[in-house]
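**Q** Below are the sequence and a predicted model for it; my questions follow.
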Amino acid sequence: MTQRIRFRFCCLIRGLAFPRLLLFGVSCPSVVCCLLLPDLEGSAHLLLLSRNKSKHELGYCETEAKLALSLDFWTLSSENLLAVLPVDPVKENYVRKVKNCIFSIAVPTPLKSRVRLVAVSKEVLEDILDLDLSVSETDDFIQLVSGEKIVSGSIPLAHRYGGHQFGIWAGQLGDGRAHLLGTYMNRQGEKWELQLKGSGKTPYSRNGDGRAVLRSSVREFLCSEAMHSLRIPTSRVASLVVSDNEVWRDQFYNGNIVKERGAIVLRVAKSWFRIGSLEILAHYGELDLLRTLLDFIIREHFPSVEVAEPNRYVDFFSVVVSETAQLIALWMSVGFAHGVCNTDNFSLLSITIDYGPFGFMEAYNPDFVPNTSDDEGRYKIGNQANIGIFNLNKLLQALNPILDPRQRQLAAQILEGYPVLYYTRFRELFKAKLGLLGETKGDDDLIAFLLHLMEKTAADFTMTFRQLSEITQSQLQELNIPQQFWALNMISKHKLFSAWVSQYLLRLKSNMNDSDSERRKRMTSPSSPACSSASFPEAFCS
Ligand SMILES: Nc1ncnc2c1ncn2[C@@H]1O[C@H](COP(=O)(O)OP(=O)(O)OP(=O)(O)O)[C@@H](O)[C@H]1O
């Protein structure tokens, strides 16, 4: 019998500072967070929310007022997607080139051997899916999240997309190990798309086995929940199950294939469409379908874009350019390197998706490459903003066939504005990390100077800013850095540190009516990117 214990995530997202996490007695290297603080209180959480108007159109939970206590009246809908977006007429599940559609119907291949729940996100269950945490202890739930149970209203789909991988057109990719179960509209009227990852082969599996292993699934679970808590737009993970199903992997890419255990995460996002979703349609000249998909995405997810407007695709592009710039600046503000910024991993909604070989930078190093197979460092952390332009340019190329010459020119000009958008947000975020208020001419220099010193001294990225929030101005003035501020001590070894401190103190003086405690409060408030230990969501591990 498994004894279930709920844990509260108490994570310091300091990259890989916590190298091991014990889950289920399983040792998982290289995770980004640690679990602490057992919380054995009851799980009675009620949400009193209004009944949803369009509950019959989309998935819904029939129980009034309370969170659902079982999956009996909890349904999904695939109808909103399938009513508009065409499906592959071939129904058999074999690997093939697929044309003229957005989805293929593909039923998950469930994990069968001793499936058990590893972790669930209480927040995702309760706040997004209207499910009481106790539901995760039911057999129905385990069956749902391991691909066994198809709830009413769900028609599992694999999405057809393409993409540029490492700068080169890779042709058809698609959901090779993911199944879109359907849309759930929660009681707050939000629509969320539920997807299993690791749930078996689809027509897009190419040479893959359709599976995911525990190690990478733990990373996806922890990092997406951590990113959400850092207030960075991201897909979320509801649950993680593991099994004794054997999955063979070359863990270190050295030809040594070892047996691992198959796992499945249940992920949720407002949408899973990517740049590659549009690229494949443009590449094969499926332009009517390109318009159909774009109109659908605009109607569903871009409220600021008027779908009847002739310039809507340019307006759409403008939003994606701006949001992508914001997202990458946010990544940089917490030292996050995605690792595989291919166009098929860049969401059209500019949320972080596909947690593969990501990493959090420890010592500040713009050349930090978390992906060991990225030999040339294409996706090094310092290159992410440039890759943003590359990917947006590929998006523009996909849109070009349906734009007139004037619109093309307009869209190209919008893309030219990307660096300014990016640097504006970057400056804003790093100013917040330094506790600066208002705007002065030298702010860029102050930030760049500090980053230069950090690079030269290999100072810890997160802790330098954290310790700057904790040290007083008079300690800085006297260059009296207490021993416990180890990151600042490292950086203080640089001969130009005192020059930077003088500039910083002068700049802090322009913060009217500010004090050390006010500055600290600001720099460590959950909305500040300096605050890497914002309160983390609750989850439990069994
Ligand atoms: N084990 C596998 N079996 C089948 N297809 C796979 C497997 N691993 C990756 N793929 C496919 O290879 C392509 C690129 O993989 P990538 O790692 O970027 O995606 P992913 O992590 O599987 O999915 P996502 O981007 O949705 O998180 C995708 O089309 C993906 O579905």
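**A** Happy to help now that I have it.
**Q** quick one, what contacts the residue of the stretch 51-200 of the chain found nearest the ligand?
**A** In the stretch 51-200 of the chain, no residue comes nearer to the ligand than residue 176, which is 2.4 Å away by C-beta to the nearest ligand atom. Backbone N, C-alpha and C define where each C-beta goes, glycine included. Residue 176 makes contacts with 158, 201-202, 204-206, 208, 210, as judged by C-beta atoms under 8 Å, 6 or more residues apart in numbering.
**Q** Would you tell me what helix or strand it is located in?
**A** Using DSSP states H and E, residue 176 maps to neither a helix nor a strand.
**Q** Can you check what pLDDT the model gives it?
**A** For residue 176, the pLDDT comes out at 98.
**Q** One more: residue 61?
**A** Predicted confidence (pLDDT) for residue 61: 65.
**Q** so how far is stretch 122-130 from its chain's centroid?
**A** 17 Å (C-alpha atoms, centre = their mean, to the nearest Å).
**Q** end to end, how far does that stretch reach?
**A** 10 Å (C-alpha to C-alpha, to the nearest Å).
**Q** for the residue of the stretch 51-200 of the chain closest to the ligand, phi and psi?
**A** phi -90, psi -10 (degrees, to the nearest 10).
**Q** Show me where the stretch 151-300 of the chain has its strands.
**A** Along the stretch 151-300 of the chain, counting by DSSP state E, counting those that start in this stretch, strands occupy 157-159, 162-165, 168-172, 178-185, 191-197, 212-213, 236-249, 258-269.
**Q** Let's have the ones you listed in TSV, adding distance to the ligand and mean neighbour count.
**A** As requested, those are exported to TSV (distance: least, C-beta to the nearest ligand atom, whole Å; neighbours: other C-beta atoms under 10 Å):
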stretch	distance to the ligand	mean neighbour count
strand 157-159	8	28
strand 162-165	7	22
strand 168-172	8	14
strand 178-185	5	26
strand 191-197	6	23
strand 212-213	7	21
strand 236-249	8	21
strand 258-269	8	22
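**Q** Quick check: the gap between residue 186 and residue 268.
**A** Going from residue 186 to residue 268 by C-beta to C-beta, to the nearest Å gives 10 Å.
**Q** Give the residues shared as contacts by those two.
**A** Shared contacts of residue 186 and residue 268 (C-beta under 8 Å, 6+ apart): 128-129, 192.
**Q** got any ranges where this structure has weak pLDDT?
**A** For the chain, the stretches with pLDDT under 70 are 1-65, 526-542.
**Q** And the residue of the stretch 51-200 of the chain closest to the ligand, how far from residue 412?
**A** 33 Å.
**Q** Could you verify my assumption that residue 516 touches residue 472?
**A** Yes - with contact defined as C-beta atoms under 8 Å, residue 516 reaches residue 472; the gap is 4.7 Å.
**Q** about what we covered before: want to try JSON lines for the strands of the stretch 151-300 of the chain, with distance to residue 289 as columns?
**A** Converted to JSON lines, those look like this (distance: least, C-beta to C-beta, whole Å):
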{"stretch": "strand 157-159", "distance to residue 289": "13"}
{"stretch": "strand 162-165", "distance to residue 289": "13"}
{"stretch": "strand 168-172", "distance to residue 289": "14"}
{"stretch": "strand 178-185", "distance to residue 289": "18"}
{"stretch": "strand 191-197", "distance to residue 289": "19"}
{"stretch": "strand 212-213", "distance to residue 289": "29"}
{"stretch": "strand 236-249", "distance to residue 289": "29"}
{"stretch": "strand 258-269", "distance to residue 289": "22"}
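**Q** Got the phi and psi for the nearest residue to residue 313 once chain neighbours are set aside?
**A** Spatial nearest neighbour of residue 313, excluding adjacent residues (C-beta to C-beta, 6 or more residues apart in numbering): residue 399 at 5.5 Å. Phi and psi for residue 399, reported as degrees, to the nearest 10, are phi -80, psi -30.
**Q** residues contacting residue 399?
**A** 278, 282, 294, 313, 317, 411.
**Q** And stretch 418-434, what's buried?
**A** 418, 421-422, 425-434 (16 or more other C-beta atoms under 10 Å).
**Q** which other residues reach that stretch?
**A** By C-beta under 8 Å, 6+ apart, stretch 418-434 touches 321-322, 324-326, 328-330, 332-333, 385, 388-389, 392, 443-444, 446-447, 450, 465, 468, 504, 522-523, 528-530.
**Q** how about the closest residue to residue 492 other than its chain neighbours, secondary structure?
**A** Once flanking residues are discounted, residue 492 sits nearest to residue 481: 5.5 Å by C-beta to C-beta, 6+ apart. Under DSSP: H, G, I helix; E, B strand; the rest coil, residue 481 falls in the coil class.
**Q** Could you pull up the residues touching residue 481?
**A** Going by C-beta under 8 Å, 6+ apart, the list of residues near residue 481 reads 471, 475, 488-489, 492.
**Q** Out of those residues, who's the most crowded?
**A** residue 488 (24 neighbours; other C-beta atoms under 10 Å).
**Q** Could you identify the helix or strand that succeeds the strand or helix carrying it?
**A** With elements taken from DSSP H and E, the one containing residue 488 is helix 486-492. Downstream of helix 486-492, the next assigned helix or strand under DSSP H and E is helix 497-509.
**Q** Centre of the chain to that following helix, how far?
**A** Centroid displacement of helix 497-509 relative to its chain, using C-alpha atoms, centre = their mean, is 36 Å.
**Q** now swap in stretch 344-363 and tell me
**A** On C-alpha atoms, centre = their mean, the centre of stretch 344-363 falls 6 Å from the chain's centre.
**Q** Likewise for stretch 331-343?
**A** Counting by C-alpha atoms, centre = their mean, stretch 331-343 comes out at 10 Å from the chain centroid.
**Q** start to end distance for that stretch?
**A** Start-to-end, stretch 331-343 (C-alpha to C-alpha) is 17 Å.
**Q** what do you get for stretch 374-384?
**A** By C-alpha to C-alpha, the extent of stretch 374-384 from end to end equals 13 Å.
**Q** List the buried residues in stretch 345-362.
**A** Buried residues in stretch 345-362 (16+ other C-beta under 10 Å): 345-355, 357-362.
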